[in-house]
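S.K.: Based on what follows, work out the 3D shape:
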Amino acid sequence: MHAFHEAISDCALQDLGWRGVPFTCDNRQQGNMNVKARLDRAFANADFLQMFEFSIVKHISSVESDHCFLLAECRATAAMGWSRATQSFRYENVWQSHADYDEKVRKMWQSGAGQGGLQGIVDALSMVQSELGAWGHKEFWNMERRVRKLQKRLERLRTAAIGCGPNDEERVVASQLREALRQEEIWLKQRSRVLWLHAGDRNTSYFQAQARQRKRINRITSLELADGHVSSDPGEVKEEITHFYHALYQSQGYNPMEGLLQCVQPRVTDDMNYTLEREYTAADVKIALFDMAPSKAPGVDGFTAGFYQRHWDGGRYHFGYLEFFERRRITFGTE
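M.R.: Next up, the predicted model:
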């Protein structure tokens, strides 16, 4: 089994998942002797998934064999009925590589920050959010296509320059291609959520494969409803998700805890309590911010920790958040 896993890893194959019963083999024995396991699987490499991104594998029960049939449906497009959700703002780390990025953000921030404190941060972030997304889409739209065009252009120049050294145009195109490849790698790394591998070493293929695998894992195509029925109908799935979270966050009432707390022995010393209750400082906010991974999932405003880390200047953000800790009151939009 260890050798099998090594072979899967060496070939860079990815499990395509499954639908149907959660096993492919049933030994048909009674009682404690019964064994069910998912022994049969379907794998594919990154090139296959790029061509058939929406492929699915179904487990089909058999009455003649102790193994299920595996039916692989190779799909290049999503099934009918599933519509793409409205694209919300998402901050892209690759925007930071643009020469005009810092100046653009500074002007957007100044035009939106009419107030001080936490409310001023909310207004400024709203302004940056409304303008930065459109600017980023314009400047970095379809980076893969830009890389391909630059590669073809460089090949033509080098083919035409056989017998002589590189000219100025070839050097410029090579520099542009190098930068385009770096930007593409940053963009893919953010989607792959790989934290241990750094951009800059031409890990584009790896990041692309990881991002595609994450997208497959996170895609919801069917859901087990409350009655145990598995549904692939988009309307039923959305209704079930809405009902689940409505019930999850609904108030269940309040029970006094004083009697229970009297039985709990205190473990927090006076010194520990003093540390916990002391006023927060700008240094505390900075330490907490820079301890975060810059490319992890963004907040509800679409900004990652990398945005705040990039623009931390010792005074732009932390005064607003210190105001929150002092007043114990949060402004809508800063969650």
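S.K.: in the stretch 1-150 of the chain, which spans are strands?
M.R.: For the stretch 1-150 of the chain, applying DSSP state E, counting those that start in this stretch gives strands covering 14-15, 19-20, 25-26, 36-37, 43-44, 56-60, 69-73.
S.K.: Nearest to Ala293, out of those strands?
M.R.: Ala293 lies closest, by C-beta to C-beta, to one member of the strands of the stretch 1-150 of the chain: strand 14-15, at 23.5 Å. Just so you know, the C-beta spots here come from the backbone N, C-alpha and C atoms, and that holds for glycine as well.
S.K.: and Glu6, how many neighbours?
M.R.: 10 (other C-beta atoms under 10 Å).
S.K.: do Glu236 as well
M.R.: Neighbours of Glu236 (other C-beta under 10 Å): 14.
S.K.: Grab the nearest non-local neighbour of it.
M.R.: Excluding the flanking residues, the one nearest Glu236 by C-beta to C-beta, 6 or more residues apart in numbering is Leu225, at 6.8 Å.
S.K.: Correct me if wrong: His98 contacts Leu132.
M.R.: No. Contact criterion C-beta atoms under 8 Å: His98 and Leu132 do not qualify, at 10.9 Å.
S.K.: who has more neighbours, those two?
M.R.: Leu132 (23 against 15).
S.K.: Could you tell me how far the more buried one is located from Leu276?
M.R.: According to C-beta to C-beta, to the nearest Å, Leu132 stands 37 Å off from Leu276.
S.K.: Same check on Asp313?
M.R.: 29 Å.
S.K.: same question, Phe89
M.R.: 35 Å.
S.K.: Settle it for me: which of the two has more neighbours?
M.R.: Between Phe89 and Leu276, Phe89 has the larger neighbour count (other C-beta under 10 Å), namely 15 against 8.
S.K.: Tell me where the model's unsure across the protein.
M.R.: 79-87, 114-117, 191-215, 314-335 (pLDDT under 70).
S.K.: try 50
M.R.: For the chain, the stretches flagged by pLDDT under 50 are 196, 200-201, 314, 332-334.
S.K.: domain assignment for it?
M.R.: 2-73, 109-138+267-335 (automatic domain parsing).
S.K.: any chance of these in CSV, plus distance to Ala161?
M.R.: Converted to CSV, the domains of the chain look like this (distance: least, C-beta to C-beta, whole Å):
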stretch, distance to Ala161
domain 2-73, 32
domain 109-138+267-335, 33
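S.K.: Can you check which of the ones you listed gets nearest to Lys238?
M.R.: Across these (criterion: C-beta to C-beta), the nearest stretch is domain 2-73, sitting at 18.5 Å.
S.K.: burial measure for Gln183, as a count.
M.R.: 23.
S.K.: was I right about it contacting Trp95?
M.R.: No. Using C-beta under 8 Å, Gln183 is not in contact with Trp95, being 9.4 Å away.
S.K.: Now for the two: what residues contact both?
M.R.: Listed as contacting both Gln183 and Trp95 by C-beta atoms under 8 Å, 6 or more residues apart in numbering are Phe140.
S.K.: Ile241: what's it in contact with?
M.R.: Leu223.
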